[in-house]
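In: Would you be able to build a 3D model of this:
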Amino acid sequence: MIDTPNIDDALFPGIDSDRLFAPPQSTHSPRILILYGSLRARSFSRLAAEEAARILTRLGAEIRLFNPSGLPQVDDGVDATHPKVRELRDLTTWCEGMVWSSPERHGAMTGLMKTQIDWIPLSEGAVRPTQGKTLAVMQVSGGSQSFNAVNQMRVLGRWMRMLTIPNQSSIPKAFQEFDEAGRMRPSPLYDRIVDVMEELMKFTLLTRDRADYLVDRYSERKESAEALMKRVNLSAAT
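Out: Numbers count the residues shown, from 1 in each chain. Below you'll find the predicted structure:
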């Protein structure tokens, strides 16, 4: 059952226990970027994101909330040199995990939420900004509880090669859950956000020092080796 002639043995060394179980441990606070999907003055996705930020800070994380106001539409005559795009991309490179908090509108995440994600590249030079980073997803709804937005964000997180944690938060009738000061009232829905942030911290601490190894793929090692061979052969021929 170990006859695998299609595998290049030089590129398939097996599991490296040291890299998987005993990498050097970082000592800095986990760095978490939070994105939210509404610009309303009383944005419940932002208020939920701020509650998440408070919980993460108490757990020892370093937090950045990206304000999407002024972020242009993708392909609307601007490129990555735009200040808001550059800010978002720099924060994506800086962070070790993310929280995405979006309203659900017309059964989907908002266009603003998707625009932020669309501005984050799958690769930038030799760097994949989101690969191997943790992700927690949250949504708020004006009506009954739904999971359309968080399910969509899970798909996007997988596409961005992120490690999306199992737990998630969905807040129905969000207008009832926050007081006049914008703080979330005590409830099982608030407790769920605590659960999600606690889980995100655990996964981030577990994976951040081994993320590169966890997402190291045989097919990509093979592709890189073949590209290197072509360059070497071309240099020798010229």
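In: Who are the packing partners of the lengthiest strand in the chain?
Out: When the chain is parsed with DSSP state E, its longest strand is strand 97-105. Contacts defined by 3 or more Cβ pairs under 8 Å, 6 or more residues apart in numbering; DSSP states H and E place strand 97-105 against strand 31-36, helix 44-58, helix 111-119, strand 134-140, helix 148-159, helix 188-207. (C-beta placed from N, C-alpha, C; glycine too.)
In: Pipe these into a markdown table and attach mean neighbour count, mean pLDDT and distance to Glu180 per row.
Out: Output for the helices and strands packed on strand 97-105, formatted as a markdown table (neighbours: other Cβ atoms under 10 Å; pLDDT from 0 to 100; distance: least, Cβ to Cβ, whole Å):
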| stretch | mean neighbour count | mean pLDDT | distance to Glu180 |
| --- | --- | --- | --- |
| strand 31-36 | 24 | 98 | 20 |
| helix 44-58 | 22 | 98 | 12 |
| helix 111-119 | 19 | 96 | 25 |
| strand 134-140 | 28 | 98 | 17 |
| helix 148-159 | 18 | 96 | 26 |
| helix 188-207 | 18 | 98 | 16 |
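In: And the pLDDT at Ser235?
Out: The model reports Ser235 with a pLDDT of 57.
In: Quick check: Tyr213 is in a strand.
Out: No: counting by DSSP: H, G, I helix; E, B strand; the rest coil, Tyr213 is not part of a strand but helix.
In: residues in contact with stretch 36-54?
Out: Here stretch 36-54 makes contact (Cβ atoms under 8 Å, 6 or more residues apart in numbering) with 34-35, 63, 65, 68-69, 99-103, 109-110, 112-113, 116, 136, 138-140, 169, 171, 174-175, 177-178, 182-184, 190, 193, 196-197.
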